[in-house]
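Participant: what follows is a predicted protein model with its sequence.
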Amino acid sequence: MSPRPRLPRQDCAHCGRHDRCTRIVLEEAVCQRCTLRFARTAQPCPGCANIRVLAFYADRRPACAPCTGNEAVYACTACGREDSPWGRLCGHCALKEKTTALLSGPDGGINPRLRPVYEALISGPRPQTTLYWFTRSTGPATLGAMARDELEISHATFDTLPADRTNT
Ligand SMILES: [Zn+2]
Ligand SMILES: [Zn+2]
Ligand SMILES: [Zn+2]
């Protein structure tokens, strides 16, 4: 016997895969893959018209968590939106958090001279694209060094931004 309790495997109500089903979607246990797919397909809620994850029933019609008196498990813990999941935060809030951390100087606040860079980074239409850029590009390291006064802030600063920010 395993010393730690393990979740029993069962057939996912949505895709039929035999797996650990940890989340209840539309009143049935579903696997983690289906949970993820639900979390990424927010759509207008028939109850409140907000873009929400419709994983709960109201009079047998799918609706969002607040409209059905359920815990908002798909909502961003910072702003509550459900249309742009990125872990516990939405893409917009995750991007703001990451960008603030990156561009903060030794005193903690965003370096004033890098404020336009901050605005450019967080204002894009697709925060996920910029979040991927954080992990794939050398630009963030360069900007971070500038924010900490380890590198001179130059006109070349904007060359380090994701391409879809500088072309618009
Ligand atoms: Zn499934
Ligand atoms: Zn609703
Ligand atoms: Zn948010």
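Facilitator: Nice, I can see it. Ligands and ions are numbered 1, 2, ... in the order given.

Participant: so how far is ligand 3 from Glu152?
Facilitator: 34 Å (Cβ to the ion, to the nearest Å). Every C-beta, even on glycine, is put in place using the N, C-alpha and C of the backbone.

Participant: check contacts around that residue.
Facilitator: Met146 (Cβ atoms under 8 Å, 6 or more residues apart in numbering).

Participant: where's it, which helix or strand?
Facilitator: For Glu152, there is no host helix or strand (DSSP states H and E).

Participant: next, count neighbours for the nearest residue to Pro66 once chain neighbours are set aside.
Facilitator: Spatial nearest neighbour of Pro66, chain neighbours left out: Ala72 (6.1 Å); criterion: Cβ to Cβ, 6 or more residues apart in numbering. Applying other Cβ atoms under 10 Å, we find 14 residues neighbouring Ala72.

Participant: can you check Cys90 too?
Facilitator: 24.

Participant: contact partners for the nearest residue to it once chain neighbours are set aside?
Facilitator: Of all residues not flanking Cys90 in the chain, Cys76 sits nearest, at 3.6 Å (Cβ to Cβ, 6+ apart). Residues in contact with Cys76, defined by Cβ under 8 Å, 6+ apart, are 82, 84-85, 88-90, 92-93.
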